[in-house]
Each structure stands twice: as C-alpha cells, then as structure tokens.
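Visitor: next one to model:
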Amino acid sequence: MAGYFINMPTLATTQYPPTQDPSEFEDMVLAAVELRFQNKSFQRNGRSGQSQHGVDVYGDDDTGRLTGVQAKNTVGGVSEAVVDAEISKAEKFNPEIQRYILATAAPRDQAIQTYVLTKSKERIRTAKFSVEIMFWDDVCAEFSKDSTQIQRFFPQFFAGSERPGLQHDRSLFAQLQKDLPFDPPIRFLKEQLMTFQWPRKSYDPFDHFLQAWDSPEQEFVDEGLEAKRLALLSAVRLHAESVARNTFPSGNGMTLQGVPYDWEELYPERYDHAVSELHQLADKVVSAYADLIRTCNEEL
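Guide: Residues are numbered from 1 along each chain as shown. The predicted structure is shown next:
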C-alpha cells in the first residue's frame, strides 16, 4: 500500500524480559557496563556466599575511575532505604571506589532516579564517590550496541535465524584448518618428536600461525570461540618460546633442529628440563587445538 509504513522494533526499542536468575542478572549487568565504558576489564566480585560489601561487579570506567556496581535483581524496584543501605555497604569496599552504580531489573522510576541524583550531588560535595542508578531500560539500551549480547541473553528472539557473524566465523574456521591442519604439524607435536632432531621446516606452520593469527582480522565473533582461539594462540606462543630456548640448528646445512645430544651427558638437568618442558607445552598446544576444532565443528 503506497505511503504506508510499518514501524518495526529496532534493537534499541525492543522490550526484553528481565531474568529471574540473580546470577544471570549479574552477568547481564557486567556485559552492560563493559559496553557502556568500552572496557573489558570489568569482573565479578568474589562468588556467591562471600561478603561483597555492596559490589557485585567492579572495574575502571572510561575516565579511569574505579567503579563498583551492585546488581539488584528486583523487578519491583528499589526503595530509598535500599539505596542508602547499598551505599553504606559500598563504602566498606576495598580498595575505595570512586563511582557507584546501583543496577536494578526494574523499569525506570523518576522518583528514585531523582533521589539518587540528589544523593550523588550531596556526596560529591563532601568528596565521596558519586552514585547513579541503572534501570532495566538502561541495561537493554547498552545491549543494543552489540547484537551478540542480545543473542547471548535472549536466544529465544533469534530462534530459526542465523546469529550475527556466523558466516565470518565459518570462513575463519576454514582458514584455520588450512593454515594449521592436524596433519602434519599437530600430529608432529602429539607424537612428541621434538626430543630428536627434526627438520626445521616442520615448525613453519606454527611460525606462520603466530604471525597471521595474532590480529583483529582473525578474531571470531562468537565469544566462546574467540576465547578458545586465544587459548590456542597463547599455547603455541609459549611452545615457540621454549623451542627458541631449548633447541638449536644442526646437520649439514643446518636444516635440522633439536635439543643438543651432548646436553644429556654434559648437562643432564638442563636436558631433562628442556625435554620435559617441550613435551608439556606440546601437550597444551594439542589440547587447545582439539578444543577449538571440536567446538567449531559443534557450533559452525
């Protein structure tokens, strides 16, 4: 029909249902403050049952101030008395915070918003940490900046649809299998052949992997896959550093590499340490590789 438009909800205007799980709500608040301050260093404080002094999540805001966040999974809202009580608890947090956010699963409430604003101004005048409140509306607004977070916490909204970044992750997985296949490089480590003299070119795939895969272009969109890619990258880097410390070129034309044979007789402790370290780090590379490959096969 000409001239007729249907207003479809966007990520920013869609109404998402609050969770009833306090632990999941803490995860949501953690993700929201990370997005607000563009800082992935925020983390949960302790574990369930431990004294937290009114702070469930903490980290540095976008100006470097230590910020404490309390996650109150209270759909019915928070009272002035609750606000005062949580502030008192947060004053005992160590180290001392400079900014405090009280996050609630309740919808925006002008009265309590005004109370918190007034309270914060009074505190700032006396050189105490500022206070603000983050409502459920604000949490969802932060999620609108990153669709992967919406899919993470509200997968029911994506039923039957392809998650964001799926095609990118599939292409990246294909590239990984090409750059670092199981045969021969991973099998080479799995069979622990590094105790002996081995062709130096056998390690080329790992050198290439360290150079090519340590870049933003090679990051998975899916957070779980990305964590496993970083674990593999770290394992390969540690192994490569051990190879550089403990093995040396040999043979005609220096085409071989390995732990020097004479170490076993001249420096037995050094030899045993080198061999043990190479084996242990090789096992970690093989394990991290298998973990990433299996997860990619399951999810992609």
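
Visitor: could you say which helix or strand contains Val131?
Guide: In the assignment (DSSP states H and E), Val131 maps to strand 130-134.

Visitor: show the average pLDDT along that strand.
Guide: The average pLDDT within strand 130-134 is 96.

Visitor: where do the helices sit along this protein?
Guide: Secondary structure of the chain by DSSP state H: the helices cover 22-37, 80-90, 110-125, 136-143, 147-153, 166-179, 187-190, 204-212, 223-246, 263-266, 268-299.

Visitor: coming back round to it: now do the strand holding Val131 against helix 110-125, angle only.
Guide: Computed by axes from the mean of the first three to the mean of the last three Cα atoms, to 10 degrees, the angle separating strand 130-134 from helix 110-125 equals 160 degrees.

Visitor: for strand 130-134, which strands pair with it and how are they oriented?
Guide: strand 99-104 (parallel) (DSSP bridges).

Visitor: give me the mean pLDDT for the strand it pairs with.
Guide: For strand 99-104, the mean per-residue pLDDT is 96.

Visitor: ok so, going back, what residues does the strand holding Val131 touch?
Guide: Identification of contacts with strand 130-134 by Cβ atoms under 8 Å, 6 or more residues apart in numbering yields 29, 32-33, 69, 78, 83, 87, 98-104, 112-113, 116-117, 119-120, 123-124. To be clear about C-beta, it is placed using only N, CA and C from the backbone, and glycine gets the same treatment.

Visitor: got the end-to-end distance for stretch 202-222?
Guide: Using Cα to Cα, to the nearest Å, the end-to-end distance of stretch 202-222 comes to 31 Å.

Visitor: re the thing from before, how about the helices of the chain in CSV, adding mean neighbour count and distance to Asn45?
Guide: Compiled in CSV, the helices of the chain are given as follows (neighbours: other Cβ atoms under 10 Å; distance: least, Cβ to Cβ, whole Å):
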stretch, mean neighbour count, distance to Asn45
helix 22-37, 20, 9
helix 80-90, 16, 11
helix 110-125, 14, 21
helix 136-143, 20, 18
helix 147-153, 18, 20
helix 166-179, 15, 32
helix 187-190, 18, 39
helix 204-212, 14, 35
helix 223-246, 17, 21
helix 263-266, 12, 48
helix 268-299, 16, 28
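
Visitor: which one, of those, ends up nearest to Tyr16?
Guide: Tyr16 lies closest to helix 136-143 among the helices of the chain, at 5.2 Å (Cβ to Cβ).

Visitor: list the helices and strands that closest one packs on?
Guide: Packing contacts for helix 136-143, counted by 3 or more Cβ pairs under 8 Å, 6 or more residues apart in numbering; DSSP states H and E, involve helix 22-37, strand 99-104, helix 147-153.

Visitor: can I get the CA coordinates of the longest one in CSV?
Guide: Translated: helix 22-37. What follows is helix 22-37 as a C-alpha-only set of coordinates in CSV (Å, rounded to 0.1, in the frame of the first residue of the first chain):
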residue,chain,number,x,y,z
PRO,A,22,20.2,-13.3,40.1
SER,A,23,23.4,-14.8,38.8
GLU,A,24,22.4,-14.3,35.2
PHE,A,25,21.4,-10.7,36.0
GLU,A,26,24.9,-10.1,37.3
ASP,A,27,26.3,-11.4,34.0
MET,A,28,23.9,-9.0,32.2
VAL,A,29,25.0,-6.0,34.3
LEU,A,30,28.7,-7.0,33.7
ALA,A,31,28.1,-7.0,30.0
ALA,A,32,26.2,-3.7,30.1
VAL,A,33,28.9,-1.8,32.0
GLU,A,34,31.6,-3.2,29.7
LEU,A,35,29.6,-1.8,26.7
ARG,A,36,28.9,1.5,28.4
PHE,A,37,32.6,2.1,29.3
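
Visitor: let's number from 5 now, not from 1
Guide: With the count now opening at 5, the last piece we talked about shows up as helix 26-41.

Visitor: any idea of the angle that helix forms with strand 134-138?
Guide: Using the same axes, to 10 degrees: helix 26-41 against strand 134-138 is 110 degrees.

Visitor: other residues contacting helix 26-41?
Guide: 22-23, 44, 46-48, 52, 60-61, 63-66, 71, 73, 75, 77, 105, 107, 109, 138, 142-143, 146-147, 149-150, 153, 156-157.

Visitor: for that helix, the distance to its chain's centre please.
Guide: 13 Å (Cα atoms, centre = their mean, to the nearest Å).

Visitor: quick one: mean pLDDT for that helix?
Guide: Model confidence over helix 26-41, given as mean pLDDT, is 93.

Visitor: which of the contacts of helix 26-41 are buried, as a ChimeraX select command?
Guide: Command for ChimeraX, covering only those of the contacts of helix 26-41 found buried under the criterion 16 or more other Cβ atoms under 10 Å:
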select :22,23,46,48,60,61,63,65,71,73,75,77,105,107,109,138,142,143,146,147,150,153,156,157
